[in-house]
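Novice: mind looking at a prediction? Sequence and model below.
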Amino acid sequence: MFKNINFLVISLFFYTNAFKLGLENISPHLKNRLIKQKKRIGLVTNQTGIDQAGRRNIDRLLNEGFNLVSIFVPEHGLTGSAKNGEAIDNGFDHSTRLPIISLYKGETRKNTCSPENIKNIDIFMFDIQDSGMRHYTYISTLFKVLERAAEYNKEVIVLDRPNPLGSIMEGPLVEPDQKSFISIAPIPVRHGMTIGELAQYFNRFNVAKPTQLTVVPMQGYQRTKGIDTLPAMLSSGLRTKQGCYAYSFLGLLGEIRPFFIGLKTDKPFEVLMISNKHNIPLDYWHKLKILFKKFHVDSKLTKLQHTPNQKWYTGLALNIEDINQVHAFELFLKILQLSQKYNLDLKFAPTFNLATGTDKVRKFLDRQYSKDNLKTFINNNLKDFNRQAQSCYIYSPTPQITLLK
């Protein structure tokens with residue numbers, strides 16, 4: 001399969017334990033090759049592509065002598081300010097005047113780059129902070145870049161970054177009939193992998209044709225530690241580490257009404273609430289608070305006014321100290337089961353099955369599929385995936401599988 005493919009992962013032997021991002025850890029050999037050969041680089045990035053001093057990768061790479069010729073951007077654009085699903089237009093970077101090429105044309109469009117955008121580059125260099133969840137579309141952009149690079153015989157270099165959700169791997173894989181841009185490949189919904197490890201897995205097992213791939217690893221990365229802080233907001237809706245942590249279950253709950261997860265407020269993905277018009281009894285929130293505590297999520301009863309529609313909401317403000325203690329998919333199911341006991345009228349978005357990657361979760365909630373069958377389906381797939389992914393893991397320890405109980 002890999003005949004004539006120069007597949008490289010740069011050595012993980014370091015002389016110091018000081019942490020470095022992939023952006024900060026490009027080897028002299030790779031740097032010299034790219035600069036001396038004047039390789040034309042298309043940088044796939046956004047506002048998260050900064051070093052630990054806060055300097056943009058665009059400016060850092062240009063200053064070091066790399067031949068950047070274009071900037072490719074994912075959903076939410078170069079600054080991360082565009083709304084979910086909003087098509088991104090081409091443009092120019094104000095500072096460098098480099099052309100900005102959109103890799104996201106909207107939810108219903110083919111989100112990839114045209115042949116005209118590719119012909120003037122030799123290499124895609126990918127440097128974006130991932131959320132740790134499959135349905136966040138930055139890894140879908142990575143997948144499309146690998147596909148396009150193979151099609152046009154281009155090299156891909158991935159500058160690795162931490163997984164903010166730590167080491168846990170859990171939840172269903174994507175079934176073939178549920179593949180979409182929010183479920184791009186059959187990987188767990190919470191994958192526990194870095195963007196570089198995912199690139200290796202996609203390139204080996206998912207894309208139709210592998211491309212020449214180089215992963216620049218981090219130095220001193222501790223998978224269980226995750227991140228201290230987000231380098232920048234991941235998007236206008238995912239701004240903080242706490243939001244990123246709670247997104248591990250609120251991202252899926254956001255596909256279900258009447259739940260409100262704080263979007264278009266100053267607490268996006270940091271609250272779980274319901275409009276006061278539904279007259280939810282306080283006992284529901286007390287029971288939910290107890291449930292959260294069992295899953296190592298602190299919560300506090302709160303009220304909030306959603307400014308755009310002037311509606312008042314009641315619910316829980318959430319705080320997570322250690323995301324490795326939170327079994328998010330199990331918690332997600334428990335929240336829905338508790339809600340059903342209180343006869344909440346749950347309305348699922350058309351994209352719910354795509355987000356979970358399977359129709360079996362919905363069937364389980366509709367009592368058309370047993371918990372034992374759901375456990376067998378999810379857990380066996382997780383074990384199979386982990387066995388296959390062993391060759392793609394870069395860091396020790398490897399992700400920790402959390403089986404559905």
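Specialist: Cool, got the structure.
Novice: buried ones in stretch 327-344, by neighbour count?
Specialist: Of all the residues in stretch 327-344, those buried under the rule 16 or more other C-beta atoms under 10 Å are 327-336, 339, 344. All C-beta atoms are positioned from the backbone trio N, CA, C, and that covers glycine.
Novice: which outside residues touch it?
Specialist: 165, 168, 170-172, 189-190, 248-249, 252-253, 256, 258, 272, 274, 278, 280-281, 284, 287-288, 291-292, 295, 297, 346, 361, 364-365, 402, 404-405 (C-beta atoms under 8 Å, 6 or more residues apart in numbering).
Novice: convert the C-alpha atoms of it to CSV, please.
Specialist: This file holds the C-alpha atoms of stretch 327-344, laid out as CSV (Å, rounded to 0.1, in the frame of the first residue of the first chain):
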residue,chain,number,x,y,z
HIS,A,327,-16.7,9.8,30.9
ALA,A,328,-18.5,12.2,28.6
PHE,A,329,-20.4,9.8,26.3
GLU,A,330,-21.8,7.8,29.3
LEU,A,331,-22.8,11.1,30.9
PHE,A,332,-24.5,12.2,27.7
LEU,A,333,-26.7,9.1,27.7
LYS,A,334,-27.5,9.4,31.4
ILE,A,335,-28.6,13.1,30.9
LEU,A,336,-31.0,12.0,28.2
GLN,A,337,-32.3,9.0,30.2
LEU,A,338,-33.0,11.3,33.2
SER,A,339,-34.7,13.8,30.9
GLN,A,340,-36.9,11.1,29.6
LYS,A,341,-37.9,10.1,33.2
TYR,A,342,-39.1,13.7,33.6
ASN,A,343,-41.0,13.5,30.4
LEU,A,344,-39.1,16.1,28.6
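Novice: tell me the mean pLDDT for that stretch?
Specialist: Across stretch 327-344, the average pLDDT comes to 98.
Novice: likewise for stretch 390-405?
Specialist: Rounded mean pLDDT across stretch 390-405 is 97.
Novice: before we move on, back to that, just the buried residues of stretch 327-344: which are in helices?
Specialist: 328-336, 339 (DSSP state H).
Novice: and those residues as CSV, adding distance to residue 124?
Specialist: Shown next, in CSV, are these (distance: C-beta to C-beta, whole Å):
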residue, distance to residue 124
328, 31
329, 32
330, 37
331, 37
332, 34
333, 38
334, 41
335, 39
336, 39
339, 43
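Novice: among those residues, which one lies nearest to residue 34?
Specialist: residue 328 (38.8 Å; C-beta to C-beta).
Novice: so residue 61 touches residue 43, yeah?
Specialist: Yes - counting by C-beta atoms under 8 Å, residue 61 touches residue 43, with 6.9 Å between them.
Novice: give me the common contacts of the two.
Specialist: 68, 125.
Novice: all helices of this structure, in order?
Specialist: 28-36, 57-63, 115-118, 138-151, 195-201, 241-253, 282-294, 328-341, 352-356, 360-365, 371-389.
Novice: who wins for proximity to residue 97 among those?
Specialist: Per C-beta to C-beta, nearest to residue 97 of the helices of the chain: helix 57-63, 11.2 Å.
Novice: enumerate the positions of that closest one that are buried.
Specialist: 57-58, 60-62.
Novice: and which of the residues you listed is nearest to residue 127?
Specialist: Distances from residue 127 to the buried residues of helix 57-63, taken by C-beta to C-beta, are shortest for residue 57, at 5.1 Å.
Novice: thinking again about what came up before, now, of the contacts of stretch 327-344, which are buried?
Specialist: 165, 168, 170-172, 189-190, 248-249, 252-253, 256, 258, 272, 274, 280, 284, 288, 291-292, 295, 297, 361, 364-365, 402, 404.
Novice: related to what we said a few turns ago, mean pLDDT for the helices of the chain: which is lowest?
Specialist: helix 115-118 - the lowest mean pLDDT of the helices of the chain, at a mean of 84.
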